[in-house]
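**Q** no sequence on this one, just coordinates:
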């Protein structure tokens, strides 16, 4: 295959008040015709900036002595006017967040035909015809009507399809997709990935796929380039990267992917966070976080060592004089060994005390005509010391459930019992006592802590309210204890939140929740705003704290593989209802509800062979049309509840025998 | 949507009633009377008071006024010896409307242009120039502009007529004087909003489509940054109305503002009341239209309104 794009020694830098930020530092890459190249890296690795500069889309970034050869011409030296003939027609782009990348005040049809009319100079009728065709190709139905609608009338996944249709409108040769599925639910993510893969062949394009999640690319990428601190540290065919990775950073990324098959003690993590690109350390920027760093790593950046014709890695470990190191084992590759271990003797865990009981809880919002049943008749209990995972897509009501348990929403119907007493009647519990015993860890570590308070004050606010510290000295001591408990330093106490990275902020959030010695913690998507390697750090921390502090967790997430890793039991939520609930391994080995099955099959697996298995698609219409047939949650086997009809119930029981 | 409009109209009427009552009683506390003329004898004054119902107790007058108002009768002018107030408003409103609308359109267009240019050349000399114009327009009252324009353009350069209202060229100077405030306000708002819009993801999408800069800004930028401008249209109309009071006087334009000032000077209660009610109703109506306009510009609001 011939190269369609060749990038040579690309540098991109930005000016800031503090000096020059080097976001991309000498990237050389080529893209072959018809291939999918994945660019993987944590946030701040420069992957997005790098790809935007392929279209010269960075508003202020400066390109330095780079060559970007496309069709025999150098993009780097082109004028804006020349670039316009490339953008949208030859190279086009799909952005991360479909909620913001469409113009909210223009019907989507207009947004699609716009670039066709501009570039291809075709008549309006022809353009509309082509737009309809494109929308059908990307999987949108009722196209005539939909063309006239505005972006807010589409769901997230549908909007991303529209964005893709826009990108395809002039039949580009290269499609750059910048984290196109990060903002979407798992099932939608799987659909979009399939769609991109299908379109690549249909349109004969090459795709550059930017992501922070290695698991996502394993099934669609031909080659993978791993980026760190503005450099490519490893590049190779997808099999080479997954089966024979050479760079310790790649090891770390692969290691932080939780398995879907077995349960490991601790997720592998990459300590620390990416370096500040304003002051890049001498030598290898990764050295500080690298357990395998050699002395030379602190002095000189390693060159690209050749592993095979297609596989290169920038690590001194590949130098002939380097010591041989053993590559760590990756969780996702341990599959074979774990399968046998599932039939270990079951420990009876259900004799423990129930700490929380939810009975027929209903939460409804809105007026009579516009009723939203956010939580629709949920009954569940949580035992002392366990972790109950609540999994569902956005809009399934899982966060509302969590908040209602804390008493942040008043139930429309039903009761929440904590420690045997009603949370809401005002007799059983005092508000303050409840607030001390139940705490919440929030999703977004950026917006959930007050930017104008010091970390010490954020953590100690609970101590002050509940008068848990007798004097300032004791208060400070407790703060320092907590900081160390969550893996931060004493010195961090007097700093402000903006001085911390996302992962560190989430640690502050956890320390805040722990300050009042709670027994029960609701973690509402505590990791979804974090990078993969940092996610693993936070999960490990939560697990450790559960053991040392005897905590009970309710872990709300949309990420099934993380839920599996931390939960003892999992409840799957769909449209305000729990449709299936079982012990974690039972749910994964024997899912019964069709929605659970579809969710499980949509998890991107970092497993090259298994990708080819067919996905299960959840048939919403069939499900809803069957609703009046007396669906309810029934216990199929001890501890395994499934929402089903009488008939299905009998069938499921049969399966169990 | 229908329910929303009806409830809004009811609230508008209540607001208007409050304004009417407030103005009515406020005027009663003013010193002097319409018939202050020293040439009038005590008897004549009483006769006049009786003729116009001014000797009745205040609450009675108030009720009379309201009943007449409902019938569409705003009373008769004291100053012009029995000419109905509605007639005076009708006769004068045309001139004021031309001046006001002309200023609003001219001001908005120039303001938009200034603001957009400022945003596009953010933090450059061009941007600073547009900010300076905005600050000048906001801080210097329009009667000062009126005077300056009259002196320089009218008297010194003799390009345009200094005063009166006899054709289009007579409207130019007062329009410019009045629209300075509009230009400044619109430019300031659109600049801030446009800077924000330019950094939105959908602008990047537009750029990645390879559209020309002009198309990008015009189709994707301007409409999205117009939404907050609609909010200030209400206050802008008010500022224009208050502006006409003085500017019409300075340029000797026979408009409603000119009339209003005269009526205040002669304690012509019915005209003061009538014009106040008219202005208030106009303002309340503009605010209402603005709320409806939101939906036209922003489809997200349109839909949620339609659901109700």
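**A** Ah, there it is. What you are looking at is a predicted structure, and each value in this text was computed from that prediction instead of being measured.

**Q** and residue B:306, what pLDDT?
**A** As predicted, residue B:306 sits at a pLDDT of 40.

**Q** tell me the SS of residue A:543?
**A** Three-state assignment for residue A:543 (DSSP: H, G, I helix; E, B strand; the rest coil): helix.

**Q** I'd like the distance between it and chain B.
**A** 36 Å (C-beta to the nearest C-beta, to the nearest Å). Where C-beta positions appear, they are placed from N, C-alpha and C, glycine not excepted.

**Q** how about the spatially most central residue of chain A, secondary structure?
**A** Nearest to the geometric centre of chain A sits residue A:528, at 5.2 Å (C-alpha atoms, centre = their mean). Of the three states, residue A:528 takes coil under three-state DSSP.

**Q** distance of the closest residue in space to it that isn't next to it in sequence from residue B:301?
**A** Nearest residue to residue A:528, sequence neighbours excluded (C-beta to C-beta, 6 or more residues apart in numbering or on different chains): residue A:443, at 6.1 Å. In this view, residue A:443 and residue B:301 are 27 Å apart by C-beta to C-beta, to the nearest Å.

**Q** swap in residue A:171?
**A** 36 Å.

**Q** And residue B:132, by the same measure?
**A** Going from residue B:132 to residue B:301 by C-beta to C-beta gives 34 Å.

**Q** can you check residue A:268 too?
**A** According to C-beta to C-beta, residue A:268 stands 49 Å off from residue B:301.

**Q** before we move on, the earlier item: what about the residue nearest to residue A:528, how many neighbours?
**A** 20 (other C-beta atoms under 10 Å in any protein chain shown).

**Q** Surely it is within a helix?
**A** No - Residue A:443 is assigned coil when assessed by three-state DSSP, not a helix.

**Q** Would you mind confirming that it makes contact with residue A:530?
**A** No - counting by C-beta atoms under 8 Å, residue A:443 stays clear of residue A:530, with 10.0 Å between them.

**Q** that older thread, out of residue A:268 and residue B:301, which sits in the busier spot?
**A** residue A:268 (20 against 17).

**Q** In contact with the more buried one, which residues are there?
**A** Residues counted as contacts of residue A:268 (C-beta atoms under 8 Å, 6 or more residues apart in numbering or on different chains) are A:251, A:252, A:255, A:256, A:328, A:330, A:331, A:536.

**Q** if we go to 10 Å?
**A** Residues in contact with residue A:268, defined by C-beta atoms under 10 Å, 6 or more residues apart in numbering or on different chains, are A:251-258, A:328-331, A:533, A:536, A:540.

**Q** which one of those residues has the most neighbours?
**A** Most surrounded of the contacts of residue A:268: other C-beta under 10 Å gives residue A:253, at 29 neighbours.

**Q** Would you mind measuring from that one to chain B?
**A** For residue A:253, the distance to chain B - C-beta to the nearest C-beta - is 27 Å.

**Q** helix or strand for the closest residue to residue B:118 other than its chain neighbours, which one?
**A** Nearest in space to residue B:118, with sequence neighbours left out and distances taken as C-beta to C-beta, 6+ apart, is residue B:130 at 3.6 Å. Under the criterion of DSSP states H and E, residue B:130 resides in helix B:125-139.

**Q** which residues of the stretch 151-300 of chain A fall in strands?
**A** A:174-178, A:206-211, A:223-228, A:231-237 (DSSP state E, counting those that start in this stretch).

**Q** what angle do the longest one and strand A:223-228 make?
**A** Orientation note: strand A:231-237 sits at an angle of 160 degrees relative to strand A:223-228 (axes from the mean of the first three to the mean of the last three C-alpha atoms, to 10 degrees).

**Q** Next one: residue A:591 from chain B, what distance?
**A** The value you get for residue A:591 to chain B, if C-beta to the nearest C-beta is used, is 37 Å.

**Q** That residue and residue A:599 touch, don't they?
**A** Yes - Residue A:591 is within contact range of residue A:599, at 8.2 Å (criterion: C-beta atoms under 10 Å).

**Q** SS state for residue A:360?
**A** State at residue A:360, reduced to three classes by three-state DSSP: strand.

**Q** I'd assumed residue A:577 was in contact with it.
**A** No - in this structure, residue A:360 is not within contact of residue A:577 by C-beta under 10 Å, at 11.7 Å.

**Q** Overlap in contacts, the two.
**A** A:376, A:377, A:378.

**Q** nearest spatial neighbour of the first one, skipping sequence neighbours?
**A** Nearest residue to residue A:376, sequence neighbours excluded (C-beta to C-beta, 6+ apart): residue A:576, at 3.5 Å.
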